[in-house]
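> I would like to see how this sequence folds:
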Amino acid sequence: MHEFSICQSVLEQVEQITRRHHARRVTRIVLSVGPLSGVVDVLLQRAFDALRLGSVAETAVLDIHTPAVIVACPSCKKESRVPTNRLLCPHCQQWQTTLVSGDELVLLRIEFAPNTLSDNGHSVENEHV
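Residues are numbered from 1 along each chain as shown. Presented below is the predicted three-dimensional model:
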């Protein structure tokens, strides 16, 4: 189950970002996991449930977003949403398409808990990790 090592890596990145922003606790982690990434979201969630214990994300919620599979066609110059098992251009049936989206695994957002009663908390979006 490689989802376990992927989750370990994500949580290490979350820990680093949390320290960099002087936060103490994470309340939400948002990931984008493409259907062609090779990652099974249910297994990733199970790994997160086990690995978050004792971390800054111990009480955090993991949100997993699944983006559409999109291909670009060099022949007709169109981008199209396609099924995961059929990466042909639906307009001209060209098979030499380029994958635009659908294979990514991206840490999209981290939300931090307030550090003090007067702090409202904050979040980090699309930080390079």
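> how many neighbours does D41 have?
16 (other Cβ atoms under 10 Å). Every residue, glycine included, has its C-beta placed from N, CA and C.
> Check the one 3 residues further on too.
For L44, the neighbour count with other Cβ under 10 Å is 23.
> which non-adjacent residue is nearest it?
E3 (4.5 Å; Cβ to Cβ, 6 or more residues apart in numbering).
> Next one: the one you found from I110, what distance?
19 Å (Cβ to Cβ, to the nearest Å).
> between these two, who's got more neighbours?
I110 (25 against 19).
> now that one, what's its secondary structure?
strand (DSSP: H, G, I helix; E, B strand; the rest coil).
> just L31 next, same as before
Assignment for L31 (three-state DSSP): strand.
> From R46, how far off is it?
Counting by Cβ to Cβ, the gap from L31 to R46 is 14 Å.
> Tell me which of these two has more neighbours.
In this view L31 and R46 are compared by other Cβ under 10 Å, and L31 has more residues nearby, 22 against 15.
> What separation do you get for the residue lying closest to the more buried one once chain neighbours are set aside and V100?
With sequence-adjacent residues excluded and distances taken as Cβ to Cβ, 6+ apart, L31 is closest to I64, at 5.3 Å. The gap separating I64 from V100 is 20 Å, by Cβ to Cβ.
> Now do the residue nearest to L44, the pLDDT please.
Looking at E3, its pLDDT stands at 95.
> That one against G38, yeah?
No - the pair E3 / G38 is not scored as a contact, 9.6 Å apart, by Cβ atoms under 8 Å.
> about what we covered before: next, the residue nearest to L31: phi, psi?
Torsion angles at I64 (phi, psi; degrees, to the nearest 10) stand at phi -110, psi 120.
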